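Participant: turn this into a model:
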Amino acid sequence: MIIDTIENLNKYAAVNPLFNKVVDFIKNTDLSKHPQGKVELSGKDLFANFTIAKGKTPTEAKIETHNRMIDIQIPLSCPETMGYTPRKDLDPQTYNEEKDITFYEGLAQQYITITPGMFVIFFPEDGHAPCVSSEESIQKVIFKIKA
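Facilitator: The predicted structure is shown next:
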């Protein structure tokens, strides 16, 4: 997991060859005014999901992991708290290959809050429980990058 401000995202470009495309897209796009929906940046290997998610309590927010994709999550409208548990600490569950997701029961080990202007990167080994907020809805963008 990596947490930082958007202006520093380019410092992590060496982590994955597709990160440069994310940096370029962010530099050339007003994320907060972008319409909802999916934007393919490099086919199925890199895309952005602009969404408005429901704010959840820690109990409602399910921990999830992905096998094939890395998430870069950026809240746009308000602070968002996200739970974190290393995948190695989670009990094995059924993987949905079509959606590249595994859900887990229980609360995350720890919680972090990021604000607009920040991002968090979750790798396949990072269990995360997004969308924890007292706000009714959270405008956000999630970049999905092939791991």
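Participant: how many other residues sit next to residue 99?
Facilitator: As a burial measure, residue 99 scores 9 neighbours (other C-beta atoms under 10 Å). C-beta coordinates here come from the backbone N, C-alpha and C atoms, glycine included.
Participant: okay, it and residue 68: tell me how far apart.
Facilitator: Distance, residue 99 to residue 68, using C-beta to C-beta, to the nearest Å: 10 Å.
Participant: cool, and residue 123?
Facilitator: Taking C-beta to C-beta, one finds residue 123 at 11 Å from residue 68.
Participant: who touches both of the two?
Facilitator: Counting by C-beta atoms under 8 Å, 6 or more residues apart in numbering, the contacts common to residue 123 and residue 68 are residue 147.
Participant: what about these two, which has more around it?
Facilitator: Neighbour count, other C-beta under 10 Å: between residue 123 and residue 68, residue 123 has more, with 18 against 14.
Participant: find the nearest non-adjacent residue to the more buried one, please.
Facilitator: Among residues not flanking residue 123 along the chain, residue 70 sits closest, at 5.5 Å (C-beta to C-beta, 6 or more residues apart in numbering).
Participant: tell me the SS of that neighbour?
Facilitator: Secondary structure, DSSP: H, G, I helix; E, B strand; the rest coil: residue 70 is strand.
Participant: the residue positioned nearest the centre of the chain pairs with what?
Facilitator: In the chain, the centroid-proximal residue (C-alpha atoms, centre = their mean) is residue 73; its distance is 3.2 Å. Here residue 73 sits in beta bridges with residue 120, residue 142, as judged by DSSP bridges.
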